[in-house]
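>>> Let me see the structure of the following:
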Amino acid sequence: QCGFKEWGYRSIFVATTLAYVVINLCNVLYCLRWNITYFHIPDGVFVMAVRAFDGLIGQLNLMPSILLVSRLCPKGRRATVYSILAANVALGSAISKYNGALVLHWLDIHPKGRQDEGHQFNNLWIAAFLAAISNATHVFTVPFLVPDANPNEALPEWMLVHKNRGLSHGVSAEHSPREGDVTFSDSSSKADARPNEKTALLTDQKWS
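The predicted structure follows:
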């Protein structure tokens, strides 16, 4: 918070994404065995350090996302918005795994766990390089998907859910709910407080 409190959402996303790319490029060094040849760092130490920084930068990249979603979340829709966010993360993870398997197939990387199959990993560094560089494509979508705002400031009015105007600022006033209308937010509570007459009649017949 102290380091990014003056940064905007876009700056945070771009900085953490580029840092994530640099950290993942270290996997290329590992696949080429340069961590041993040039840096004399054991595999275990190198991999643990890379994974630690990978998780740290990933969390730094995730925090502004959660904050932005919480600012945009309509009142009474927190569970729904969080479910949609979690579903999209799971979908992206599944798609990335299938894409990774396809890249490994194209690069003819098919290890079977047998003896003397080190040649299977000759092109593994290419897969690691493509995986790292693919994260940089997110930077080009930031101007279109991330608002130009500061986490410490309120979001622009047009991004927020307006009172009696639904989820979009484009909804016309003539479609806004009037006093006495049942809306989605209070329909469940009114239904509970005023049960259906047919249900009540069936219940009375059952116990009579």
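
>>> helices or strands up against the helix or strand containing residue 17?
Assigned by DSSP states H and E, residue 17 belongs to helix 9-31. Packing partners of helix 9-31 (3 or more C-beta pairs under 8 Å, 6 or more residues apart in numbering; DSSP states H and E): helix 43-72, helix 124-134, helix 138-145. Any C-beta I mention is one placed from the backbone N, CA and C, and that applies to glycine too.

>>> helix or strand for the most centrally placed residue in the chain, which one?
In the chain, the residue lying closest to the centroid (C-alpha atoms, centre = their mean) is residue 89, at 4.9 Å. Assigned by DSSP H and E, residue 89 belongs to helix 78-106.

>>> for the helix or strand that comes right after the helix holding residue 17, the distance to its chain's centre please.
Helices and strands here follow DSSP H and E; after helix 9-31, the next one along the chain is helix 34-37. Counting by C-alpha atoms, centre = their mean, to the nearest Å, helix 34-37 is centred 34 Å from the centre of its parent chain.

>>> which outside residues touch helix 34-37?
29, 41-43, 46 (C-beta atoms under 8 Å, 6 or more residues apart in numbering).

>>> Please identify which two of those residues are farthest apart in space.
For the contacts of helix 34-37, the farthest-apart pair by C-beta to C-beta is 29 and 42; their separation is 13.2 Å.

>>> okay, these two: which has more neighbours?
residue 29 (19 against 10; other C-beta atoms under 10 Å).

>>> Please verify my assumption that residue 128 contacts residue 28.
Yes. Assessed by C-beta atoms under 8 Å, residue 128 is found in contact with residue 28 at 4.9 Å.
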